[in-house]
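Student: Here's my sequence, what's the structure:
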Amino acid sequence: MSLSDEHLSRVRRICAAMPESTEKLSHGEPTFFVRKRVFAMFSNNHHNDGHIAVLVPAAPGHQAELIETEPKTYFMPKYVGSAGWVGIELDQIDDEALACHIHDAWKIVNGRGRSRGRSA
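Tutor: Now for the predicted structure:
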């Protein structure tokens, strides 16, 4: 199993635990949906950008804070970064923190806002 396969397995396991989560390919990458809305996208060196990451929406203002405080872990992804999404380098984050980000993204997309007291 390659490193990217291991990271995808982590993301799949966490996303599958979210209620009503489904997975399908979108833009050539495994993408995770709740009620037809994307809450996480796996990125395996997409367009040769050098990232093995997951892309998730962040609460307003949280994207800039994450990127500024931990630039080795978080980045502004192309295309969706301008909409407040954040890229998370999967080799720089543990499962617990990753699960918090994915859970928060699921809540944002599912219309339930950002959870209180959760941060990476």
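
Student: Spit out the contact partners of the nearest residue to residue 3 once chain neighbours are set aside.
Tutor: In this structure, residue 3 finds its nearest non-sequential neighbour in residue 52, 6.9 Å apart by CB to CB, 6 or more residues apart in numbering. Quick note: C-beta positions are derived from backbone N, CA and C, even for glycine. Residues in contact with residue 52, defined by CB atoms under 8 Å, 6 or more residues apart in numbering, are 3-4, 7, 43-45, 89-91.

Student: do the same with residue 47
Tutor: Applying CB under 8 Å, 6+ apart to residue 47 gives the contacts residue 78.

Student: coming back round to it: tell me the bridge partners for the residue nearest to residue 3.
Tutor: residue 44 (DSSP bridges).

Student: Residue 21 now?
Tutor: Beta-bridge partners recorded for residue 21 (DSSP bridges): residue 34.

Student: Check the spacing between it and residue 30 real quick.
Tutor: For residue 21, the distance to residue 30 equals 12 Å [CB to CB, to the nearest Å].

Student: Check residue 100 too.
Tutor: From residue 100 over to residue 30 the distance is 20 Å, taken as CB to CB.

Student: before we move on, back to that, neighbour-wise, which of the contacts of residue 52 leads?
Tutor: residue 43 (26 neighbours; other CB atoms under 10 Å).

Student: Could you check the pLDDT of that one?
Tutor: pLDDT for residue 43: 94.

Student: Which parts of the lowest-mean-pLDDT helix or strand in the chain count as buried, going by neighbours?
Tutor: Here the helix or strand of the chain ranked lowest by mean pLDDT, DSSP states H and E is helix 3-16, holding a mean of 93. Applying a neighbour-count criterion of 16 or more other CB atoms under 10 Å, the buried positions in helix 3-16 are 7-8, 10-12, 14-15.
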